[in-house]
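A.B. asks: Here you go, sequence then predicted model.
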Amino acid sequence: MFVRWLSALAVLMLASMQVWAAGEPIESVEPGAIEALVQSHKTGMLVVSITSLDSNCRPCIRANTEFQRVAKEMGGKARFVQVAWQPWSRFPTEIQPFLKQYGIPGVPARLVFQDGKFEGKMIGEPPPPPKPSPLNVTGSIEQVDPTKAEQAVAKSSGVVVVMLSSFETQCVFCMKANPLFESLAQRTASGDAKVKYLRVMYRPWTSVTQDHFGEKLQVNGLPVFLTYKDGQPVRRRNGIAEVGELEKLLLDGVR
C-alpha cells in the first residue's frame, strides 16, 4: 500500500515549513497552499490534517496528538502534512473550494491520498479503539493473533486465505477491505470446505512493519491478502480490490 513519496520542490520551497513532531517530520502548510500541494503529490501516500493549534478547539488538540503518533509509527512510509488555523474560528473563511470539494464541514479532519487519488477521510476527533471481535456472522473467518500467525499458516493444510489488516479507523484502507474479505469468505467458504480463512489484525495498524510475520513477508502497509496451499505461499495481493477480483486473484487455479 505504501511507496516512498516524492515532494514537489517548488511547492514546498514557497509554501511549506518542515517541523518535527514526536521525532518524525510533519510538514506545516499554509491554507492557501494545500490545494497545490495535493495536486502535485502523485506518488505514494499523502495524509493531510485539517486542524487548529488553538487550545480552545479541544477535539483538534486530541486529533493532533493522534496525528503525531501515527506519523512517528509510519517511519517515513507516508507523507504527513498539517494545515492549522490559529485561531480555529478562521477555518470557515479560507479555502472554501478545497473544503467543499472533499466535504469538510469543520475541524479537525484528516484526508488520505494514494498515488494522487483521494481514498478517504475522517471527520472529528479519533474514536476510541473498537473491541476486536469476529466480524463475519457466518463464523467462516478465524481471528489469529499476529504472534501466532506464522505457526497457524505453517501447520495448515489445503488452501488458506490470510488477510493482514486492522480494526483501527485510522487505517482507511483496512476499513474498506475488512467487509470485502468477509464477503469473500461468506461467498466461497460455504461452497468449498477446502478453503479456510484467517485474519491477522494489528493494533496499532502501523505495527505490522515491526511484527515478525509482517517483516518476514516484507509488508510495509495494510491490508495484504495471501493464499497458501499446504503451508506454502502461492498468491499475494497488496491493497484493496473488489470481491470478484479478490476471488479471482487469490483462488483461481488454486482450489
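C.D. replies: Received, thanks.
A.B. asks: any idea which helix or strand comes after the helix or strand harbouring Met163?
C.D. replies: Assigned by DSSP states H and E, Met163 falls within strand 159-165. Going down the chain from strand 159-165, the next helix or strand is helix 172-188, by DSSP H and E.
A.B. asks: residue contacts, Lys176?
C.D. replies: Lys176 is in contact with 120, 240, counting by CB atoms under 8 Å, 6 or more residues apart in numbering. Any C-beta I mention is one placed from the backbone N, CA and C, and that applies to glycine too.
A.B. asks: Contacts for the strand holding Met163 next, please.
C.D. replies: Identification of contacts with strand 159-165 by CB under 8 Å, 6+ apart yields 149, 153, 171, 174, 177-178, 181, 184-185, 194-202, 205, 208, 213-214, 217, 219, 222-229, 250-251, 254-255.
A.B. asks: what about the helices in the stretch 51-200 of the chain?
C.D. replies: 58-74, 96-101, 149-154, 172-188 (DSSP state H, counting those that start in this stretch).
A.B. asks: tell me the angle of the last one relative to strand 159-165?
C.D. replies: Between helix 172-188 and strand 159-165, the angle formed by their directions is 160 degrees, by axes from the mean of the first three to the mean of the last three CA atoms, to 10 degrees.
A.B. asks: Pop out the phi and psi values for the residue nearest the centre of the chain.
C.D. replies: Central residue of the chain (CA atoms, centre = their mean): Cys171, 3.0 Å from the mean position. When read as degrees, to the nearest 10, the backbone of Cys171 gives phi -90, psi 90.
A.B. asks: correct me, but it touches Leu222?
C.D. replies: Yes. Between Cys171 and Leu222 there is a contact under CB atoms under 8 Å: 5.7 Å.
A.B. asks: which residues are common contacts for these two?
C.D. replies: Common neighbours of Cys171 and Leu222, counting by CB under 8 Å, 6+ apart, are 165, 205.
A.B. asks: What strands flank the strand holding Met163, and is each parallel or antiparallel?
C.D. replies: strand 195-201 (parallel), strand 224-229 (antiparallel) (DSSP bridges).
A.B. asks: For Ile34, find the nearest of those.
C.D. replies: strand 224-229 (30.7 Å; CB to CB).
A.B. asks: Show the subsequent helix or strand relative to that closest one.
C.D. replies: strand 232-238.
A.B. asks: Just the buried positions in that next one, please.
C.D. replies: For strand 232-238, the neighbour count (16 or more other CB atoms under 10 Å) marks 235, 237-238 as buried.
A.B. asks: ok, the residues you listed vs Gln39, which is closest?
C.D. replies: Among the buried residues of strand 232-238, and counting by CB to CB, the member closest to Gln39 is Asn238, at 25.5 Å.
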